[in-house]
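K.L.:
I'd like to go over a predicted model; first the sequence, then the structure.
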Amino acid sequence: MTSEPVINLTLLGWEPYFETALVSSSKEKLIPARVANEDKHAYVVLTAMGEMSATVSGRLMHELRLNAALPKVGDWVGVALCEGENKAVIHSVAGRRTQLSRKVAGREVEEQVLAANIDTAFIVFAMDQSFNRRRMERFTVMVHDGGAQPVVVLNKMDLCKGENALSVLEEARNAAGDVPIIETCARTGLGIKKLKQWIPTAKTAVFMGPSGVGKSSLINRLFGDEIQDTIEVRECDRKGRHTTSWRELIQMPWGGLVIDTPGMRELRTWEESDGLRDAFPDIEELGVRCHFRNCTHTVEKQCAVKEAVERGELAAERLNNYVKLHKETREMKQERIKHAYIDRKRQSKVSRRNWEEGKRDTDE
Ligand code: GDP
Ligand code: ZN
């Protein structure tokens, strides 16, 4: 390749941290690239030489096996350029600085990574709908889990007026704890500047939250007029027509980056107790003083957390949410253990049958 670099990777968030992407068992000379789009196994990556389509090498596919380890939008990867073509082959994935993932409870509990190397995750709510405190806490836990910074966005402030508005706001502030809150209105542009401050040049943000709360509208507002093209392309894309210019990693005019994937919009559950700990530091701190080491803060005696609620130092509702989330986390873990057990049993049955069939074959 002799062409001049056309994309400045530093502006795409490249840091020395990601240099591991350039180390692989492949003999090819690798260059860094950031994944801008993923559609099953077809990728669009951004390299210093420009945007190109890419696939994962057979060897890497084999090495990774686990779906969660495959490249996702936002990942830094090592690619080999295909001579004379605008194509690349992905040979390695750099360790992620942060990621957003959810645990999918199917037959097995599987981790599904939605986006990688996120700095800020905006958790968006609409002020005209009843504000869902538990949902906010769930999302916050999820973001903490992946190592990104959560920021709560209360959108559609224009539809929230009077007494009711104040009480919803107060509830949101209580629920958010230490998490920053930004009030916005995509319609008027209120709060857009504050959003921008959380997406400085070369940093990456995502918008998550229930559908209809205004995530696309906020992204449009941030982008200004030019995003219109992106939206049109997206609509084509949804109907199955593919255009290479559609990216899920969007570079904003001032240099900030936003990842907007369909998967990001359908978030629901996850588990992980560390995240729970980060989202409820007050409860974890109080819990240290409980009489029983594994106190669940529900029925136990000499529970420091319940005592704090009685003294009015901790909102009963906050403890309730904590207990509910904790229970779900536990149940999900049990589910996973159960499935692992069933799988093992099935496996041993299969190998026994194979063995017996093999024996019969040789006997006959
Ligand atoms: P998404 O599903 O979260 O991406 O939500 P959209 O951005 O598609 O917005 C859903 C609807 O809410 C659209 O009809 C928007 O015009 C409207 N909407 C978005 N933000 C605001 C706002 O701040 N105020 C008002 N009144 N409507 C909004
Ligand atoms: Zn306790």
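P.N.:
On my side now, so go ahead. Ligands and ions are numbered 1, 2, ... in the order given.

K.L.:
Can you show me the helices along the stretch 1-150 of the chain?
P.N.:
In the stretch 1-150 of the chain, the helices defined using DSSP state H, counting those that start in this stretch lie at 58-64, 133-146.

K.L.:
So for the last one, what gets flagged as buried?
P.N.:
Under the neighbour-count criterion of 16 or more other CB atoms under 10 Å, helix 133-146 has 133, 135-146 buried. All C-beta atoms are positioned from the backbone trio N, CA, C, and that covers glycine.

K.L.:
one step back: got the helices of the stretch 1-150 of the chain as JSON lines, with mean pLDDT and distance to S24 columns?
P.N.:
Formatted as JSON lines, the helices of the stretch 1-150 of the chain follow (pLDDT from 0 to 100; distance: least, CB to CB, whole Å):
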{"stretch": "helix 58-64", "mean pLDDT": "87", "distance to S24": "7"}
{"stretch": "helix 133-146", "mean pLDDT": "84", "distance to S24": "24"}
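
K.L.:
Which residues of the stretch 151-300 of the chain lie near ligand 2?
P.N.:
Proximity of the stretch 151-300 of the chain to ligand 2 is confined to C290, C295, H297 under the rule CB under 5 Å from the ion.

K.L.:
The first one touches C303, doesn't it?
P.N.:
This means C290. Yes. Here C290 reaches C303: they are 5.1 Å apart, a contact under CB atoms under 8 Å.

K.L.:
Can you pick out the residue with more neighbours from those two?
P.N.:
Neighbours were counted for C290 and for C303 using other CB atoms under 10 Å; C303 has more, 22 against 19.

K.L.:
who touches the more buried one in this structure?
P.N.:
Counting by CB atoms under 8 Å, 6 or more residues apart in numbering, C303 touches C290, H291, F292, C295, H297.

K.L.:
Got the phi and psi for it?
P.N.:
phi -90, psi 120 (degrees, to the nearest 10).

K.L.:
Quick one: residues contacting the residue of the stretch 51-200 of the chain found nearest ligand 1.
P.N.:
Scanning the stretch 51-200 of the chain for the residue nearest ligand 1 gives A186, at 3.4 Å (criterion: CB to the nearest ligand atom). A186 is in contact with N155, K156, G214, S217, L218, N220, R221, counting by CB under 8 Å, 6+ apart.

K.L.:
Same check on S57?
P.N.:
S26, V89, I90, H91.

K.L.:
Can you tell me which residue is spatially central in the chain?
P.N.:
Central residue of the chain (CA atoms, centre = their mean): L100, 2.1 Å from the mean position.

K.L.:
wait, doesn't that residue sit right on A115?
P.N.:
Yes. Using CB under 8 Å, L100 makes contact with A115 at a distance of 5.0 Å.

K.L.:
The stretch 251-364 of the chain: helices as residue ranges?
P.N.:
273-279, 281-287, 304-310, 316-363.

K.L.:
Mind listing residues that contact the second one?
P.N.:
Surrounding helix 281-287, the residues in contact under the criterion CB under 8 Å, 6+ apart are G177, D178, R277, C295, H297, A304, V305, A308, L314, R318, L319, Y322.

K.L.:
just how off-centre is that helix within its chain?
P.N.:
How far helix 281-287 lies from its chain's middle: 26 Å, per CA atoms, centre = their mean, to the nearest Å.

K.L.:
Make sure L169 is actually in contact with V152.
P.N.:
No. With contact defined as CB under 8 Å, L169 does not reach V152; the gap is 11.1 Å.

K.L.:
which of these two has more neighbours?
P.N.:
Taking neighbours as other CB under 10 Å, L169 and V152 compare with V152 leading, 23 against 17.

K.L.:
List the contacts of that one.
P.N.:
F122, I123, F125, M136, T140, A172, A176, V179, P180, I181, I182.

K.L.:
The same query, at a cut-off of 6 Å, please.
P.N.:
Going by CB atoms under 6 Å, 6 or more residues apart in numbering, V152 touches I123, A176, V179, I181.

K.L.:
now the third one: how far from I219?
P.N.:
Separation of V179 from I219 (CB to CB, to the nearest Å) stands at 20 Å.

K.L.:
Same question for the first one.
P.N.:
Separation of I123 from I219 (CB to CB) stands at 15 Å.

K.L.:
okay, now the residue in the chain that ligand 1 sits nearest to: neighbour count?
P.N.:
In the chain, the residue that lies nearest ligand 1 is G214 (3.0 Å; CB to the nearest ligand atom). G214 is flanked by 24 other residues according to other CB under 10 Å.

K.L.:
Hmm, it is touching N155, no?
P.N.:
Yes. Between G214 and N155 there is a contact under CB atoms under 6 Å: 4.2 Å.

K.L.:
quick revisit: quick one: which of the contacts of V152 is the most crowded by neighbours?
P.N.:
Going by other CB under 10 Å, I123 tops these with 26 neighbours.

K.L.:
still on that earlier bit, look up phi and psi at the residue of the stretch 51-200 of the chain closest to ligand 1.
P.N.:
phi -70, psi -30.

K.L.:
related to what we said a few turns ago, so which of the residues of the stretch 151-300 of the chain next to ligand 2 comes closest to T261?
P.N.:
Checking those against T261 with CB to CB, the nearest one is H297 at 36.9 Å.
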